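Undergrad: how would this look folded up:
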Amino acid sequence: MRTPIAQALAYPERVDAGVGPLELARLGALSFEAPDLGRFPCLALAYDALAAGGTAPALLNAANEVAVAAFLAGRARFTDIAAACAETLARHPARVLHSLDDALAADGDARALRTPGSICPTSVRPDPIASRCVMDILQKLLAFLVVLSVLVVFHELGHYWIARWCGVKVLRFSVGFGRVVWSRRFGPDRTEWAISAIPLGGYVKMADEREGELDPGDVPRAFNRQSVGRRIAIVAAGPIANLILARVPFRGNVRRRAFPGSARWSTIRPAHARRTAGIRAGDLVVGVDGAPGRELAGPALAVAAVVGPHAGADRSRARARRGSGRARDAAPAARRDRDERVGRQLHAGCSVACRLRAARSSTT
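TA: Model (predicted):
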């Protein structure tokens, strides 16, 4: 294959492919087997055209050129090429070839039948819905890999930090499995930090006599030489690091950014207007029972501040401001319904969810 590849790359020039001349005598023997015409339908069509003779080869050649052009232009699948050639031969029976004009006429007939725009009307065309679905899947897959990589890094860092704290020598810290794609050595122990080909996990490789011989100076720092308590700590450090990751940064991010915007009341139904003690839809909540409004990251958390910390209280005071006017206190009356309780304990979790959704939608 080196010779045709070199010719294709350098055409119309000729370059040396580094292949010696073919010497059949040195090959000794050549083995042949019958081709599978089911897997190679175009070869079967070529045999049929040769057997029919006349204008059949010209028809097949023209149909093949048009079908290949449609495939390269993205208007047909690769498997449509054989179907187009077979249909052309079926619709144009071979005629006796008397002259070159007969061959050119057959060529024109085949191209008129199989124009690039008419080839395989059901062939593959870009589907915007399918393209969006593919992009959505790719985005979700990328997001999954990014989140998984963050979890893996924190998990393995837990093992690494506790292993170093216990005096165990760490040989490799890898994100991913399989062949190492990138690696560098850092730290006093020259630990290898690596990124591997399969990003579905990771590992921390520590010095261990059970996996091979160690230098005499590293034997006391081997994992298997540590006490049971230290080994338990090293193994448990990974899951604990993931729990800390979920508890601290993610929880803080949700509290600060999940419900951006000012804390404003959502729509209040007229039937409940007397129970809100003058609070109207759109009023800015600047405080709840002494808690400043800046601590309420958004309407949903404002409502949660009312119905959460004050659950069970008979009356809670909300400080609200309308427009640019002065802030005023409002003490909603105690609720007994299961709809939008303010200042009373909620007996159904769905009431909180409904209220949060209403507050959240008011900011959009």
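Undergrad: C-alpha only now, for contacts and for neighbours.
TA: OK.
Undergrad: what pLDDT does Gln226 get?
TA: If you check Gln226, the pLDDT there is 95.
Undergrad: phi, psi of it?
TA: Dihedral pair for Gln226: phi -80, psi 160, per degrees, to the nearest 10.
Undergrad: quick one: it from Val146, how far?
TA: 34 Å (C-alpha to C-alpha, to the nearest Å).
Undergrad: what are the boundaries of the strands in this structure?
TA: Under the criterion DSSP state E, the chain contains strands at 170-186, 191-206, 284-288, 291-292, 318-321, 328-330.
Undergrad: look up how far Ile81 lies from Leu72.
TA: When distance is defined by C-alpha to C-alpha, Leu72 is 11 Å away from Ile81.
Undergrad: neighbour count winner among the two?
TA: Ile81 (23 against 12; other C-alpha atoms under 10 Å).
Undergrad: so the more buried one touches Ala67, yeah?
TA: Yes. The criterion here is C-alpha atoms under 8 Å, and Ile81 meets it with Ala67 at 5.2 Å.
Undergrad: picking that back up, would a markdown table of the strands of the chain with mean pLDDT and mean neighbour count be doable?
TA: Conversion of the strands of the chain to a markdown table gives the following (pLDDT from 0 to 100; neighbours: other C-alpha atoms under 10 Å):
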| stretch | mean pLDDT | mean neighbour count |
| --- | --- | --- |
| strand 170-186 | 92 | 17 |
| strand 191-206 | 92 | 18 |
| strand 284-288 | 62 | 24 |
| strand 291-292 | 56 | 12 |
| strand 318-321 | 50 | 23 |
| strand 328-330 | 50 | 16 |
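Undergrad: so for Ala52, which of those strands sits nearest?
TA: Nearest to Ala52 among these is strand 191-206; the distance by C-alpha to C-alpha comes to 54.5 Å.
Undergrad: got any ranges where the stretch 51-200 of the chain has weak pLDDT?
TA: The model of the stretch 51-200 of the chain has pLDDT under 70 over residues 113-128.
Undergrad: all helices for the stretch 51-200 of the chain, in order.
TA: All helices of the stretch 51-200 of the chain, identified by DSSP state H, counting those that start in this stretch, fall at 56-72, 80-91, 100-113, 128-165.
Undergrad: which of these is buried the deepest?
TA: helix 56-72 (a mean of 22; mean count of other C-alpha atoms under 10 Å).
Undergrad: what sits up against that helix?
TA: Residues outside helix 56-72 that contact it (C-alpha atoms under 8 Å, 6 or more residues apart in numbering) are 45-46, 49-50, 76-78, 80-82, 84-85, 88-89, 92-95, 103-104, 106-111, 114-117, 119.
Undergrad: now the helices of the stretch 51-200 of the chain in TSV, with distance to Leu27?
TA: As requested, the helices of the stretch 51-200 of the chain are exported to TSV (distance: least, C-alpha to C-alpha, whole Å):
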stretch	distance to Leu27
helix 56-72	34
helix 80-91	35
helix 100-113	41
helix 128-165	50
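Undergrad: and Ala207, which of those is closest to it?
TA: That would be, of these and by C-alpha to C-alpha, helix 128-165, which comes in at 10.4 Å.
Undergrad: wait, isn't Asp218 in contact with Ala207?
TA: Yes. Applying C-alpha under 8 Å, one finds Asp218 in contact with Ala207, separated by 7.5 Å.
Undergrad: quick check: Gly108 vs Gly212, distance?
TA: 75 Å.
Undergrad: before we move on, back to that, and the helices of the stretch 51-200 of the chain: which comes nearest Ile232?
TA: helix 128-165 (10.3 Å).
Undergrad: what is that closest one packed up against?
TA: Using 3 or more C-alpha pairs under 8 Å, 6 or more residues apart in numbering; DSSP states H and E, the elements in contact with helix 128-165 are strand 170-186, strand 191-206, helix 228-245.
Undergrad: could you export these to JSON lines, including columns for distance to Pro4?
TA: Compiled in JSON lines, those are given as follows (distance: least, C-alpha to C-alpha, whole Å):
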{"stretch": "strand 170-186", "distance to Pro4": "33"}
{"stretch": "strand 191-206", "distance to Pro4": "34"}
{"stretch": "helix 228-245", "distance to Pro4": "55"}
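Undergrad: nearest approach to Trp161 belongs to which of those?
TA: helix 228-245 (8.3 Å).
Undergrad: in that closest one, what counts as buried?
TA: Arg230, Arg231, Ala233, Ile234, Val235, Ala237, Gly238, Pro239, Ile240, Ala241, Asn242, Leu245 (16 or more other C-alpha atoms under 10 Å).
Undergrad: wait, what's in contact with Leu37?
TA: Leu43, Ala44 are the contacts of Leu37 under C-alpha under 8 Å, 6+ apart.
Undergrad: and it, backbone torsions?
TA: Dihedral angles for Leu37 - degrees, to the nearest 10 - are phi -70, psi -20.
Undergrad: return the distance of it relative to Gly53.
TA: Between Leu37 and Gly53 the computed distance is 20 Å (C-alpha to C-alpha).
Undergrad: for Ala86, same thing?
TA: 15 Å.
Undergrad: same question for Ser183.
TA: 64 Å.
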